[in-house]
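1. sequence plus predicted model, see below.
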Amino acid sequence: MSDADIEKAVKEAAEYEAQDKKRKEIIDARNDADNMMFQTEKALDEVGDKLSEDEKSKVRADIESLRETLSKTTAENMTDADLAEINEKKDTLMRNASMVFQKMYEQSQASAGAQSAGPDMGTQQTTSSPDDDSFYEGDVVDGDFKEV
């Protein structure tokens, strides 16, 4: 390749770099929005019975609004305005869905607390120390290793 060809290739790469970054930003925003909608719907299914109908309908409306915005465009034909609209609706969904995730967290904490209060609660666990003969019982295998 001649110096002119190399210089031309470098200019083209720099030109496409900005387009590639923009495309990545658009794809990431769409993927984040899809993921957020999925996670929120899953959380609604899990703890929806602990929310008021007003709270659930508000979150579901935000999900549908975001879904409609995503369906209007594809990653190939999105504009900066479309990207801004997706990010705005994604933020709105996150704000309104925070109560859903809070209920989900509370539920997981309650179930974790119930599990720790099992039938073996109150029994003492004995541990062995190196001074105790039972510490060395069992199949002990010495091994050599080599760092690569």
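-> Nice, I can see it.
2. so where does the residue nearest in space to the middle of the chain fall, helix or strand?
-> Closest residue to the average C-alpha location of the chain: Asn35 at 7.3 Å, with CA atoms, centre = their mean. Asn35 is located in helix 3-47, with elements delineated by DSSP states H and E.
3. and that helix, what does it pack against?
-> When contacts are defined as 3 or more CB pairs under 8 Å, 6 or more residues apart in numbering; DSSP states H and E, helix 3-47 packs onto helix 53-72, helix 80-116. Backbone N, C-alpha and C define where each C-beta goes, glycine included.
4. for the first one, list every residue counted as buried.
-> Applying a neighbour-count criterion of 16 or more other CB atoms under 10 Å, one finds Glu55, Lys56, Lys58, Val59, Arg60, Asp62, Ile63, Leu66, Thr69, Leu70 buried in helix 53-72.
5. distance of the closest residue in space to the third one that isn't next to it in sequence from Arg30?
-> It stands for Lys58. Closest residue in space to Lys58, ignoring its immediate chain neighbours: Asn96 at 5.6 Å, by CB to CB, 6 or more residues apart in numbering. Per CB to CB, to the nearest Å, Asn96 is found 20 Å from Arg30.
6. with neighbour numbers in mind, choose between those two.
-> Arg30 (20 against 17; other CB atoms under 10 Å).
7. who are the packing partners of the lowest-mean-pLDDT helix or strand in the chain?
-> For the chain, counting by mean pLDDT, DSSP states H and E, helix 80-116 ranks last in confidence among helices and strands (a mean of 84). Counting contacts by 3+ CB pairs under 8 Å, 6+ apart, helix 80-116 packs against helix 3-47, helix 53-72.
8. buried sites along that helix?
-> 82-83, 85-86, 89-90, 93, 96-97, 99-100, 103-104.
9. distance to Glu147 for these - can I get that in JSON lines?
-> As requested, those are exported to JSON lines (distance: CB to CB, whole Å):
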{"residue": "Asp82", "distance to Glu147": "52"}
{"residue": "Leu83", "distance to Glu147": "48"}
{"residue": "Glu85", "distance to Glu147": "53"}
{"residue": "Ile86", "distance to Glu147": "48"}
{"residue": "Lys89", "distance to Glu147": "52"}
{"residue": "Lys90", "distance to Glu147": "46"}
{"residue": "Leu93", "distance to Glu147": "49"}
{"residue": "Asn96", "distance to Glu147": "53"}
{"residue": "Ala97", "distance to Glu147": "48"}
{"residue": "Met99", "distance to Glu147": "51"}
{"residue": "Val100", "distance to Glu147": "49"}
{"residue": "Lys103", "distance to Glu147": "49"}
{"residue": "Met104", "distance to Glu147": "44"}
